[in-house]
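A.B. asks: Return a 3D structure for these sequence lines:
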Amino acid sequence: MSSPSSSSAPLTPELEDLRRQFEAIRKDAEELTSGMDDQQFNLRPAPGRWSVSECFHHLVLSGERDLATISGGIDRGRAEGLLSKGPFRHGGFGNWFVGSVEPPAKIRLKAPKNLAPDSDHKVGSLTPQLLGIQDQLIEALSKANGLDTPRIKVASPVPVLKLDLTQRFGLVAAHERRHLYQARQAKKAI
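C.D. replies: From the prediction side, this is the model:
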């Protein structure tokens, strides 16, 4: 019996939906910075508010952390033979948590120090980094294909909360949309 392969089979419907979300996020980030110069990219709309570059830098920092968490879950799921073609059911609380991150922000939280963005970035340098994160997330979706994602629990940014692998991908997408929304608001204000 052959196991579901990450590269030979079409993505499961939920992973395909996430792939489309990351493609849309990629396109949104490109459009947001189209025609922007470095000064506009780094201009804060108000004291204490993030610039477009700070939103992007935060997403790069958190994206690198998220990719490590997700990759570890994928590797563990493969090693443990947690394979399934679905359909899948996901926990209600995790689904609620992912949805609560969607923009516009209802609750504002201070970024942890290790994810706090630096300022003064070049649009032509930082934007490709964020786009590269999207490409890596899409690649990770292919690697997760065929896994029983609800059985693979991974850490979330909230220390006491574990999410299943699909919810973790969903959380990344919601978090990215949240900060792209914030970046659009910053761009409108400059």
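A.B. asks: Near residue 125, how many other residues are there?
C.D. replies: 10 (other C-beta atoms under 10 Å). All C-beta atoms are positioned from the backbone trio N, CA, C, and that covers glycine.
A.B. asks: Please, where are all the helices along the protein?
C.D. replies: 13-33, 38-42, 52-79, 92-100, 123-144, 165-189 (DSSP state H).
A.B. asks: who does the fourth one touch, helix- and strand-wise?
C.D. replies: Yep, that's helix 92-100 we're talking about. strand 162-164, helix 165-189 (3 or more C-beta pairs under 8 Å, 6 or more residues apart in numbering; DSSP states H and E).
A.B. asks: the inter-axis angle of that helix versus helix 165-189?
C.D. replies: With axes from the mean of the first three to the mean of the last three C-alpha atoms, to 10 degrees applied, the angle from helix 92-100 to helix 165-189 works out at 20 degrees.
A.B. asks: buried set for helix 92-100?
C.D. replies: Residues of helix 92-100 classed as buried by neighbour count (16 or more other C-beta atoms under 10 Å): 94, 97-98.
A.B. asks: Tabulate those residues (CSV), appending distance to residue 73 and pLDDT.
C.D. replies: Putting these into CSV (distance: C-beta to C-beta, whole Å; pLDDT from 0 to 100) gives the following:
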residue, distance to residue 73, pLDDT
94, 14, 93
97, 17, 93
98, 15, 95
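A.B. asks: Would you reformat those as TSV and include distance to residue 150?
C.D. replies: Output for the buried residues of helix 92-100, formatted as TSV (distance: C-beta to C-beta, whole Å):
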residue	distance to residue 150
94	9
97	15
98	13
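A.B. asks: still on that earlier bit, and the helices and strands packed on helix 92-100: which comes nearest residue 108?
C.D. replies: helix 165-189 (9.8 Å; C-beta to C-beta).
A.B. asks: Who are the packing partners of the closest one?
C.D. replies: Contact partners of helix 165-189 among helices and strands, from 3+ C-beta pairs under 8 Å, 6+ apart: helix 13-33, helix 52-79, helix 92-100, helix 123-144, strand 153-155.
A.B. asks: Pass me the low-pLDDT residue ranges in this protein, would you?
C.D. replies: 1-8 (pLDDT under 70).
A.B. asks: give me that answer again for 90
C.D. replies: 1-9, 85-87, 105-112, 119, 157-160, 190 (pLDDT under 90).
A.B. asks: list the contacts for the residue nearest the centre of it?
C.D. replies: The C-alpha lying nearest the average C-alpha coordinate of the chain belongs to residue 172 (C-alpha atoms, centre = their mean; 2.7 Å). Residues in contact with residue 172 (C-beta atoms under 8 Å, 6 or more residues apart in numbering) are 63, 66, 70, 137.
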